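[1] Starting from these lines, generate the structure:
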Amino acid sequence: MCDQTFVAITFGPCDSCSQNKPLMNIYLQNEPINYCSLCMELMACQGLAKGETVSTLRAESENLKAKLEEERGKLHDVELHQVAEKVETLGQFVIKTRRTLKGHGNKVLCMDWCRDKRRMVSSSQDGKVIVWDAYTTNKEHAVTMPCTWVMACAYAPSGCVIACGGLDNKCSVYPLSLDKNENLAAKKKSVAMHTNYLSACSFTNSDMQLLTSSGDGTCALWDVESGQLLQSFHGHSADVLSLDLAPSETGNTFVSGGCDKKANVWDMRSGQNIQSFETHESDINSVKYYPSGDAFATGSDDATCRLYDLRADREVAIYSKESIIFGASSVDFSLSGRLLFAGYNDYNINVWDVLKGTRVAILSGHENRVSTVRVSPDGTAFCSGSWDNTLRVWA
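    Next up, the predicted model:
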């Protein structure tokens, strides 16, 4: 059977019956093929044993999932907050808006810090990508993309290149220079190409490789120089909304979250889905590795954030309150990992104590939903982007 299926709006000759029909793009052993719905059903029924149907196989699959959850449950002997009872409670701390960055003409959708801890890049619904000096709030570079809704942007490790993309289905890279008046658009290079919108992008530990996720249900690893696809990752059954690379320098894994309510951990070398977690009740908007790389957090439209331990292979904490009814759009950890910053659709940023599971602060200031939250590389500040067209630096 195919290892992943998603629907794309295409029309043309079916690879099986050759008739012109609406097609589904599916991947069979990592090879893309286009089948019409009838041929899809016929293929799904091939190789079935006597008495087997797709519905019986689906029931068997659900049964195996239930058994797996039962085995996981046997190892679930204690809750994280119980283990953390003897840990000292966090004292009072003051976090305020220290800088407000204005310049976008519409919703800020994504931002990323440069490793120099000072510069950042942001993208917006207005089709603009801006490079900022977060300390002076000056704009250093600005690029106008060929489409609106630039949903993804990232700084390269060297600080000399940025990547961005959105509704154009591409991920483009722009080399930066010291000349602030230089036309960056002339140096644009398209690296990645998906069959649906680009939702997130991230450089690996070098400027030469780029990881992307898309509304076509896949993630992909690309060579920046040649634009060649190095590895594709198929396992989500709906739009992939976010991804995060493991923090280790030699880390070869990343985590992705999407509209199928799943968080998947992938091996970049083999393209295999090595772990999968499905406890959220709605879309997963954001995923972020714990600083040690042994766990990751998620933020979801079900108004909760959750922590998953990779070694225990299970969810270990839920960060929620009855009074929080709006979805979490973005999450990030403090440098120590003790705090989890989460931006919500109710215009607030909630700060959670990761160990005790309690909320320790509410940060207000944005006048529309918070779309992105990112802690600076040195951990001394964090930046939030919002649909109110601004970015705020907090410390």
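[2] going forward, measure contacts between C-alpha atoms and count neighbours the same way
    Will do.
[3] List the residue ranges of the stretch 51-200 of the chain that fall below the pLDDT cut-off.
    Where the stretch 51-200 of the chain drops to pLDDT under 70, the residues are 180-181.
[4] Can you show me the helices along it?
    54-74, 80-83 (DSSP state H, counting those that start in this stretch).
[5] Highest mean neighbour count across those, which stretch is it?
    Comparing these by mean neighbour count (mean count of other Cα atoms under 10 Å), helix 80-83 ranks first with a mean of 14.
[6] Please name every helix or strand in contact with it.
    strand 314-319 (3 or more Cα pairs under 8 Å, 6 or more residues apart in numbering; DSSP states H and E).
[7] got the CA positions of the strand it packs on in PDB?
    What follows is strand 314-319 as a C-alpha-only set of coordinates in PDB (Å, rounded to 0.1, in the frame of the first residue of the first chain):
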ATOM      1  CA  ARG A 314       4.300   9.400  25.400                       C
ATOM      2  CA  GLU A 315       2.700  12.600  26.400                       C
ATOM      3  CA  VAL A 316       3.900  13.700  29.900                       C
ATOM      4  CA  ALA A 317       2.200  17.100  30.500                       C
ATOM      5  CA  ILE A 318      -0.800  19.200  29.400                       C
ATOM      6  CA  TYR A 319      -0.700  22.900  29.800                       C
END
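[8] pLDDT (mean, whole number) over that strand?
    Strand 314-319 carries an average pLDDT of 95.
[9] In terms of secondary structure, what does it contact?
    Short answer (3+ Cα pairs under 8 Å, 6+ apart): strand 314-319 packs on helix 80-83, strand 305-309.
[10] which residues does Ala134 contact?
    Applying Cα atoms under 8 Å, 6 or more residues apart in numbering, one finds that Ala134 lies in contact with Arg99, Leu101, Arg118, Arg119, Met120, Val393.
[11] Can you report phi and psi for the last one?
    By that I understand Val393. phi -100, psi 120 (degrees, to the nearest 10).
[12] Run a quick neighbour tally on it.
    Val393 has 22 neighbours, counted by other Cα atoms under 10 Å.
[13] do the second one as well
    Using other Cα under 10 Å as the criterion, Leu101 is surrounded by 20 other residues.
[14] what's the closest non-adjacent residue to it?
    The shortest distance from Leu101 to any non-neighbouring residue, by Cα to Cα, 6 or more residues apart in numbering, is to Leu391 (5.0 Å).
[15] Check the third one too.
    When the adjacent residues along the chain are set aside, Arg118 lies closest to Ala134, with 5.6 Å between them (Cα to Cα, 6+ apart).
[16] ditto for Leu307
    The nearest residue in space to Leu307 (Cα to Cα, 6+ apart) is Ala297, at 4.5 Å.
[17] Name all residues that make contact with the one you found.
    Here Ala297 is in contact with Val287, Lys288, Tyr289, Tyr290, Cys305, Arg306, Leu307, Tyr308, Val331, Asp332 (Cα under 8 Å, 6+ apart).
[18] Assign a three-state SS to the residue nearest to the spatial centre of the chain, would you?
    Compute the mean C-alpha point of the chain, and by Cα atoms, centre = their mean the closest residue is Ser242, 1.3 Å away. At Ser242 the chain is in strand, as set by DSSP: H, G, I helix; E, B strand; the rest coil.
[19] what's the pLDDT at it?
    98.
[20] Cross-check the contact I'm expecting between it and Asn285.
    Yes: using Cα atoms under 8 Å, Ser242 makes contact with Asn285 at a distance of 6.3 Å.
[21] Identify the contacts common to these two.
    In contact with both Ser242 and Asn285: Gly257, Gly258, using Cα under 8 Å, 6+ apart.
[22] Please report how far Ser364 lies from Gly343.
    Look at Ser364 and Gly343: by Cα to Cα, to the nearest Å, they are 10 Å apart.
[23] swap that for Val373, sorry
    6 Å.
[24] Ile95 now?
    For Ile95, the distance to Gly343 - Cα to Cα - is 15 Å.
[25] quick one, which of these two is more surrounded?
    Gly343 (28 against 13).
[26] Check whether Phe382 really touches Val375, as I assumed.
    Yes: applying Cα under 8 Å, one finds Phe382 in contact with Val375, separated by 4.0 Å.
[27] circling back: let me have the helices of the stretch 51-200 of the chain in TSV, extended by distance to Asn20.
    Shown next, in TSV, are the helices of the stretch 51-200 of the chain (distance: least, Cα to Cα, whole Å):
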stretch	distance to Asn20
helix 54-74	26
helix 80-83	56
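[28] out of the ones you listed, nearest to Leu90?
    helix 80-83 (13.8 Å; Cα to Cα).
[29] Now for Ser226: which residues touch it?
    Val191.
[30] where does it land on pLDDT?
    95.
[31] Phi, psi for it please.
    phi -100, psi -20.
[32] Please renumber the chain so that the first residue is 45 from this point on.
    Sure, I'll start numbering at 45, so the last one becomes Ser270.
[33] And it, how close does it get to Tyr241?
    21 Å.
[34] What residues does the closest residue to Leu285 other than its chain neighbours make contact with?
    Using Cα to Cα, 6+ apart and skipping the chain neighbours, the partner closest in space to Leu285 is Gly302 (4.8 Å). Gly302 is in contact with His280, Ala282, Asp283, Val284, Leu285, Ser286, Asp327, Ile328, Asn329, counting by Cα under 8 Å, 6+ apart.
[35] Could you list the low-pLDDT ranges of the stretch 245-394 of the chain?
    Those would be 293-294, if you go by pLDDT under 70 across the stretch 245-394 of the chain.
[36] what's in contact with stretch 425-436?
    So stretch 425-436 is contacted by 141-155, 168, 387, 410-420, 437-439 (Cα under 8 Å, 6+ apart).
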